[in-house]
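Colleague: Could you work out the structure for the sequence below:
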Amino acid sequence: MIAGQNSANPLAMILSAGMMLDWLGDKHNDNVCISAAADIEQAVTRVLSDGHVRTPDIGGTSTTTEVAAAVASALSSSALGVVQGRE
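Modeller: Residues are numbered from 1 along each chain as shown. This next block holds a predicted model:
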């Protein structure tokens, strides 16, 4: 049982939010939603590719909070790059 241990993998939930945004974007022809969905997927991919932050179920020692924070940081970095014209 992992309840209350801060060891659950949050990536499926995060990717589900991205899938919801993608669906909403397609359904309502909303490019902001579609772009946000792509940004979320890229942030998760960046975190997994880096390999430093992983929950125990995928071979790491990071907590749920640490993985979620890493994805949020990757997402913020991506948004910052767009605002500053780097992407």
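Colleague: From the chain's centroid, how far away is the helix or strand of the chain with the lowest mean pLDDT?
Modeller: Using mean pLDDT, DSSP states H and E, the weakest-scoring helix or strand in the chain turns out to be helix 64-83, at a mean of 83. Computed by CA atoms, centre = their mean, to the nearest Å, the chain-centroid distance of helix 64-83 equals 7 Å.
Colleague: With stretch 11-31 instead?
Modeller: 12 Å.
Colleague: cool, and stretch 6-21?
Modeller: Relative to its parent chain, stretch 6-21 has a centroid offset of 7 Å by CA atoms, centre = their mean.
Colleague: Against which helices or strands is the least confident helix or strand of the chain packed?
Modeller: helix 11-28, helix 31-50 (3 or more CB pairs under 8 Å, 6 or more residues apart in numbering; DSSP states H and E). For every residue, glycine as well, the C-beta is placed using N, CA and C.
Colleague: Can you tell me the SS state at the closest residue to residue 61 other than its chain neighbours?
Modeller: Closest residue to residue 61 apart from its sequence neighbours, by CB to CB, 6 or more residues apart in numbering: residue 54 at 7.7 Å. Following DSSP: H, G, I helix; E, B strand; the rest coil, residue 54 is assigned to coil.
Colleague: Show the model's pLDDT score for residue 54.
Modeller: On the pLDDT scale, residue 54 is placed at 96.
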